[in-house]
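Student: Okay, structure incoming, though there's no sequence with it:
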């Protein structure tokens with residue numbers, strides 16, 4: 001649950017009731033995530049999932065990167081907009097939970113186009129020579145700045161990057177935060193806003209999404 005949902009849950013319900021419906025496979029995945037994981041709030045929410053789908057459908061990306069698979073909800077949302085020959089690489093390091101996204105990826109119509117890797121994202125980004133049209137980052141907040149620095153060379157003009165949880169339950173308003181993750185997220189937001197290679201906007205959806213487009 002986000003900082004904004006806690007403040008106005010009625011508005012959140014209204015927004016969900018007036019958004020496009022999610023595919024049945026995502027409904028099943030959401031239910032199983034809440035039944036079988038200890039931190040189900042980590043799943044991309046209904047609203048955010050629809051946002052990811054719409055952005056992907058508008059872009060029709062060939063090459064998508066996701067950092068932080070969790071149970072695969074956001075992955076499947078992003079897959080809805082893939083171009084005819086498009087693919088998604090999704091990275092996570094949680095071996096114990098890997099069975100769950102793998103199960104739903106295999107059941108989905110995108111089974112052959114989702115490449116799920118149990119690999120450290122920094123290691124992957126240092127080794128790959130791929131260029132990505134669309135990137136979604138929702139893991140390991142203390143490495144957000146490092147991810148941005150490593151991902152930038154792997155994008156081109158028109159590429160879109162999205163960082164989740166960039167309002168950090170409102171903690172980004174703290175002038176001198178003690179929590180390291182808060183300091184890193186504030187540093188990331190400052191770094192992005194000053195980078196002349198990108199246009200960006202922080203969307204106050206759930207816990208905040210920093211939406212970047214490379215010029």
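Tutor: Looks like it came in fine. Since this is a predicted model, take the numbers as computed values, not measurements.
Student: From here on, just use CA atoms for contacts and neighbour counts.
Tutor: Fine.
Student: which residues does the residue positioned nearest the centre of the chain bridge with?
Tutor: Central residue of the chain (CA atoms, centre = their mean): residue 136, 3.8 Å from the mean position. When assigned by DSSP bridges, residue 136 has beta-bridge partners residue 66, residue 162.
Student: dump the residue contacts of it.
Tutor: Residue 136 sits next to 65-67, 161-164 when contact means CA atoms under 8 Å, 6 or more residues apart in numbering.
Student: What is the burial count for residue 80?
Tutor: Neighbour count for residue 80, taken as other CA atoms under 10 Å: 19.
Student: In contact with it, which residues are there?
Tutor: By CA under 8 Å, 6+ apart, the neighbours of residue 80 are 53, 56-57.
Student: Quick one: low-confidence residue ranges for this structure.
Tutor: 1-7 (pLDDT under 70).
Student: need the strands for it, in chain order.
Tutor: Taking DSSP state E to define them, one finds strands in the chain at 63-67, 87-92, 114-118, 134-137, 160-164, 198-203, 209-214.
Student: Reformat these as JSON lines; add distance to residue 14.
Tutor: Shown next, in JSON lines, are the strands of the chain (distance: least, CA to CA, whole Å):
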{"stretch": "strand 63-67", "distance to residue 14": "29"}
{"stretch": "strand 87-92", "distance to residue 14": "31"}
{"stretch": "strand 114-118", "distance to residue 14": "32"}
{"stretch": "strand 134-137", "distance to residue 14": "26"}
{"stretch": "strand 160-164", "distance to residue 14": "22"}
{"stretch": "strand 198-203", "distance to residue 14": "18"}
{"stretch": "strand 209-214", "distance to residue 14": "20"}
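Student: do you know which of these lies nearest residue 124?
Tutor: strand 87-92 (8.6 Å; CA to CA).
Student: That closest one pairs with which strands, and in what direction?
Tutor: strand 63-67 (parallel), strand 114-118 (parallel).
Student: count of neighbours near the nearest residue to residue 193 once chain neighbours are set aside?
Tutor: Counting by CA to CA, 6 or more residues apart in numbering, residue 193 lies nearest to residue 200, which is 6.9 Å off, once chain neighbours are set aside. Residue 200 has 20 neighbours, counted by other CA under 10 Å.
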